[in-house]
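Student: Predicted model and sequence below, questions to follow.
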Number of protein chains: 2
Amino acid sequence: MTNPFELTATDAIRLIGNNTLSRYEWVQSCFERIREKEDLVKAWIYLDEDRALEKAKQLDNENNESQLGIPFGIKDIIDASNTPTGFGTNFYQNNVPMRDAASVSVAKQSGCIFIGKTVSTELGHRAPGLTTNPHNKDFTPGGSSSGSAAAVASMMAPVCFGTQTTGSVIRPAAYCGVIGYKPSYGDFDKSGILPNSPSIDTLGLMSRSVEDIALFRSILLEEDLVSIKKVDLSKIKIGFVRTPHWDKTDDSTKEAFEHFLNLLRSDKLNVVDLEIDNLISKSDALHLDISGYEFKRSISHERFNYYDQLSDQLRNGRLNDGYQVSNKNYQLALKDLSILKNQIDAVFDKTDLIITPSAPGEALKGLEYTGSPIFNTTWSLNGNPCITLPLFKGKQELPIGCQFVARFGEDDQLLNYAKAFLEL
Amino acid sequence: MTNPFELTATDAIRLIGNNTLSRYEWVQSCFERIREKEDLVKAWIYLDEDRALEKAKQLDNENNESQLGIPFGIKDIIDASNTPTGFGTNFYQNNVPMRDAASVSVAKQSGCIFIGKTVSTELGHRAPGLTTNPHNKDFTPGGSSSGSAAAVASMMAPVCFGTQTTGSVIRPAAYCGVIGYKPSYGDFDKSGILPNSPSIDTLGLMSRSVEDIALFRSILLEEDLVSIKKVDLSKIKIGFVRTPHWDKTDDSTKEAFEHFLNLLRSDKLNVVDLEIDNLISKSDALHLDISGYEFKRSISHERFNYYDQLSDQLRNGRLNDGYQVSNKNYQLALKDLSILKNQIDAVFDKTDLIITPSAPGEALKGLEYTGSPIFNTTWSLNGNPCITLPLFKGKQELPIGCQFVARFGEDDQLLNYAKAFLEL
């Protein structure tokens, strides 16, 4: 039999329904897996084993099918009640919030079992934690949701929560070879999550199946599960977006995508090269101003009280960017953004789905740099739903993700497309 | 000599600059005033006298003019580090956040002196605290920023922070006879403030002078003070907006406004009746869906863990509203809102300034109901800057506010207009 830790949430729930798996066995198996892999992967900053096992036992005893029992981890910038929340820093070790983040509370209410906090970069920005890439410990797992991606990739948990302001869900998911999903902006609540750039910040999910994404989407929305529907990919219009950053992709990525496009075309899929470089360059510029301005404001307590303990990357990076933007220019950027969002929306009048890289290539060697988010900025800023699938492998035998982007609000359809591409 | 507690912040800072007042004397005088009035007004849920006086002494000793020394209070849904933050409930009495809200941190950095937390309604919603109206203890101070309005009105502090999702700054300020200001949406950071409806929530200010609003605006934006400029009101186009709710105003309000309009017209001001009932009704409907949906999500931890301790007003009111809205309808409402915002913006192509009531009338008798926000919903939802000035008095000898609304982003100009109206 498969080890329980290997199961997707959707599969495990079926087994629980059949009485061939208990929630306790499932959670216990995840913690065994964590014990086996954590020394190398370093995905967790805090583990909640005793309370998690106790909860699993309690739910087994209650035997209420609607109480799902899914073990899940959350990025360390997301609050869990009575649990240390360090925000990826050393100076918040004594921070123990009383409230669950709304998303965590809703998940617990469905019987999902909180198992721990995953490593975040510093304040959800760039300076990395200790997490390594589960495929090769000498390579970055990506960030800022480093631990969540690594935990799901190494099968320590079926699902983890991350957050994305630029590329913080899609990139680490791609580097670690899992599915990463960022919903339409605003779909998942952010109460109890450290704000980074509130106009852009989005809670996202890491998993090993599209069905699990759909399942957690229904949990977080408190709505019925929208099951994945079969779609005929030959009936949709697909736009491949190289972006102005195509020359920054590595050779593996270029080859993988060219090969993939040829395959799609030979399968009679309707794929065109979609040139929207002007919209992407505009997004890059606006994202810089808006995220810089908002990030500088959001972390006011930290810059005034812990400045010496902040990383150079943060001080000289987005924080410095923020100091360059006046309130007037910020307001103008927001106005420009509302126009840009309409222009991006209009792109989807002629295209059902965009395909574009998830990252410039395989994960980079070394743990210092979590990689570039240039292929994610546009979709984060404009609030489009996106998902990365681990479709390719690079020269270094590391995963390469393929990013799919849909029109704002078309999350269910995006998941249908993603499932169809996985089954191609 | 005037008691220091009576001074506006702007005046007190001038005296500190002249060495005719120390920060210590100022803060001490505010606490003396609090001791005198608090038994009746009940504006505070927590006072921080020892730390405030110590800070004032320290700043006096440093004698750095840029360290302003302004005593300020904050609504109890706003975090202050190492200070109890109860969110207007009984079940968060042990909640002591480690971080200052960004706005509080920025104010402290300018040398403003935190003196305490003011009474909020339950979770920033409707169920009232114990605060009374400083003009008559049998009347509501309004809400949800009840304590902040009452504290400023009774001269316990020159400035307090409030928040507004519907009418939670403008209405209590009007009922208590102080100036209340809600900036353009997004201008003041909200990190560390309990989210209510994040697409609408706005930090706002209560004060006793327009100059103090301008001063705190510059502090919170970390930008140079934009001094109030003289404007010639006869050169601007003013729209008086009765709204579809005019028949719900009390007689005092109707009379006060009719008299005021006649006065303005006799002064040769260009005031027209501006009929935008369709936009206001549309705003009312969208606000109901968006704020309900978001509020229900934001307080997930509370509805799942403290449901029995929540008020009926909350459970049967906005929480119930939220349960009626699906994610799909929420997304549609957000789309409608982006169109509506453009329509509201277009209103200001033909109008420089809107005048409209701040509330349906004087404060209501009894402390159970904090009053109706029907005259505030549109401007909260659409993010316009607004200010209420205590221009009139009603039949019960209670203040009646006049609300001024400007185009999104024209906050500085709005303050100029407000000053000119005060000097009419």
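Tutor: Thanks, I have it.

Student: Please list the outside residues in contact with the strand or helix carrying residue A:388.
Tutor: Assessed by DSSP states H and E, residue A:388 sits inside strand A:386-393. Under the contact criterion C-beta atoms under 8 Å, 6 or more residues apart in numbering or on different chains, strand A:386-393 has outside partners A:170, A:173-174, A:177-182, A:210, A:213, A:252-253, A:256-257, A:260, A:358, A:376, A:379, A:399-406, A:414-415, A:418, A:421-422. Any C-beta I mention is one placed from the backbone N, CA and C, and that applies to glycine too.

Student: pLDDT averaged over it - what is it?
Tutor: Averaging pLDDT along strand A:386-393 yields 98.

Student: Would you mind confirming that residue A:225 is in contact with residue A:215?
Tutor: Yes: the criterion here is C-beta atoms under 8 Å, and residue A:225 meets it with residue A:215 at 6.1 Å.

Student: Between the two, which has more neighbouring residues?
Tutor: Neighbour count, other C-beta atoms under 10 Å in any protein chain shown: between residue A:225 and residue A:215, residue A:215 has more, with 27 against 14.

Student: quick one: contacts for the more buried one?
Tutor: The contact partners of residue A:215, by C-beta under 8 Å, 6+ apart, come to A:9-10, A:13, A:225.

Student: between those residues, which is closest to chain B?
Tutor: Closest approach between the contacts of residue A:215 and chain B, by C-beta to the nearest C-beta: residue A:225, at 12.9 Å.

Student: that older thread, can you tell me which of the contacts of strand A:386-393 are in helices?
Tutor: Secondary structure defined by DSSP state H assigns A:170, A:173-174, A:210, A:213, A:252-253, A:256-257, A:260, A:379, A:414-415, A:418, A:421-422 of the contacts of strand A:386-393 to helices.

Student: Which of those ranks first by neighbour count?
Tutor: Compared across these, residue A:173 has the highest neighbour count, 38 neighbours, by other C-beta under 10 Å.

Student: Would you mind measuring from it to residue A:206?
Tutor: 5 Å (C-beta to C-beta, to the nearest Å).

Student: anything in contact with each of these two?
Tutor: Applying C-beta under 8 Å, 6+ apart, one finds that residue A:173 and residue A:206 are jointly contacted by A:145, A:149, A:152, A:162, A:179-180.

Student: hmm, which two among these are most spread apart?
Tutor: Across these, the two members that end up farthest from each other (C-beta to C-beta) are A:145 and A:179, 12.9 Å apart.

Student: what sits in contact with each of those two?
Tutor: Common neighbours of residue A:145 and residue A:179, using C-beta under 8 Å, 6+ apart, are A:173, A:206.

Student: what about these two, which has more around it?
Tutor: Shown here are residue A:145 and residue A:179; by other C-beta under 10 Å, residue A:145 has more neighbours (40 against 25).

Student: so which of the contacts of residue A:215 comes closest to residue B:50?
Tutor: Using C-beta to C-beta, residue A:9 comes nearest to residue B:50 of the contacts of residue A:215, at 51.8 Å.

Student: Can you report how many residues lie near that closest one?
Tutor: Residues lying near residue A:9 (other C-beta under 10 Å) number 26.

Student: How about residue A:290?
Tutor: The number of residues packed around residue A:290, counting by other C-beta under 10 Å, is 25.

Student: Buried ones in the strand or helix carrying it, by neighbour count?
Tutor: Counting by DSSP H and E, the element that carries residue A:290 is helix A:277-298. Buried residues in helix A:277-298, counting neighbours by 16 or more other C-beta atoms under 10 Å in any protein chain shown, are found at A:279-280, A:282-284, A:286-298.

Student: what sits up against stretch A:412-424?
Tutor: For stretch A:412-424, contacts defined as C-beta under 8 Å, 6+ apart pick out A:179, A:181, A:210-211, A:213-214, A:217, A:226, A:228-231, A:233, A:236, A:263-264, A:267, A:352-353, A:385-387, A:389, A:391, A:402, A:404-406.

Student: Who are the packing partners of the helix holding residue A:290?
Tutor: Helix A:277-298 sits against helix A:318-323, helix A:327-350, helix A:377-382, helix B:102-109, with contacts defined as 3 or more C-beta pairs under 8 Å, 6 or more residues apart in numbering or on different chains; DSSP states H and E.

Student: Tell me which of those sits most buried.
Tutor: Mean neighbour count, computed with mean count of other C-beta atoms under 10 Å in any protein chain shown, is highest for helix A:377-382 among the helices and strands packed on helix A:277-298, reaching a mean of 26.

Student: Quick one: check that one for contact with chain B.
Tutor: No: using C-beta under 8 Å from any C-beta of the partner chain, helix A:377-382 never reaches chain B; the gap is at least 12.6 Å.

Student: ok, now which ones touch residue A:45?
Tutor: Residue A:45 is in contact with A:76, A:84, A:86, A:88, A:116-120, A:129, A:147, counting by C-beta under 8 Å, 6+ apart.

Student: Nearest to residue B:366 among the residues you listed?
Tutor: For the contacts of residue A:45, the residue nearest residue B:366 by C-beta to C-beta is residue A:84; the value is 44.8 Å.

Student: OK, contacts around that closest one?
Tutor: Each residue near residue A:84 by C-beta under 8 Å, 6+ apart is listed here: A:45-46, A:93-96, A:117.

Student: Mind doing that once more with 10 Å?
Tutor: Residue A:84 sits next to A:45-46, A:76, A:92-97, A:117 when contact means C-beta atoms under 10 Å, 6 or more residues apart in numbering or on different chains.

Student: pLDDT and secondary structure for the residues you listed - can I get that in TSV?
Tutor: Below are those laid out as TSV (pLDDT from 0 to 100; DSSP: H, G, I helix; E, B strand; the rest coil):
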residue	pLDDT	secondary structure
A:45	98	strand
A:46	98	strand
A:76	98	coil
A:92	96	coil
A:93	89	coil
A:94	94	coil
A:95	97	coil
A:96	97	coil
A:97	97	coil
A:117	98	strand
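
Student: out of those, which one sits closest to chain B?
Tutor: residue A:95 (4.7 Å).

Student: Next, count neighbours for the closest one.
Tutor: As a burial measure, residue A:95 scores 16 neighbours (other C-beta under 10 Å).

Student: Can you pull the phi/psi pair for it?
Tutor: Backbone torsions for residue A:95, taken as degrees, to the nearest 10, come to phi -80, psi 110.

Student: So it is in contact with residue B:98, correct?
Tutor: Yes: using C-beta atoms under 10 Å, residue A:95 is in contact with residue B:98, at 4.7 Å.

Student: Overlap of the contact sets of the two?
Tutor: With C-beta under 10 Å, 6+ apart, residue A:95 and residue B:98 have common neighbours A:85, A:87.

Student: Helices along the stretch 101-250 of chain A, start to end?
Tutor: Counting by DSSP state H, counting those that start in this stretch, the stretch 101-250 of chain A has helices at residues A:102-109, A:146-153, A:170-176, A:210-221.

Student: Out of the ones you listed, flag the one nearest residue A:323.
Tutor: Between residue A:323 and the helices of the stretch 101-250 of chain A, the shortest gap by C-beta to C-beta is with helix A:170-176, which sits at 25.7 Å.

Student: Return the list of helices and strands in contact with the closest one.
Tutor: Helices and strands touching helix A:170-176, as assessed by 3 or more C-beta pairs under 10 Å, 6 or more residues apart in numbering or on different chains; DSSP states H and E, comprise helix A:146-153, strand A:159-164, strand A:179-182, strand A:202-207, strand A:386-393, strand A:399-405.
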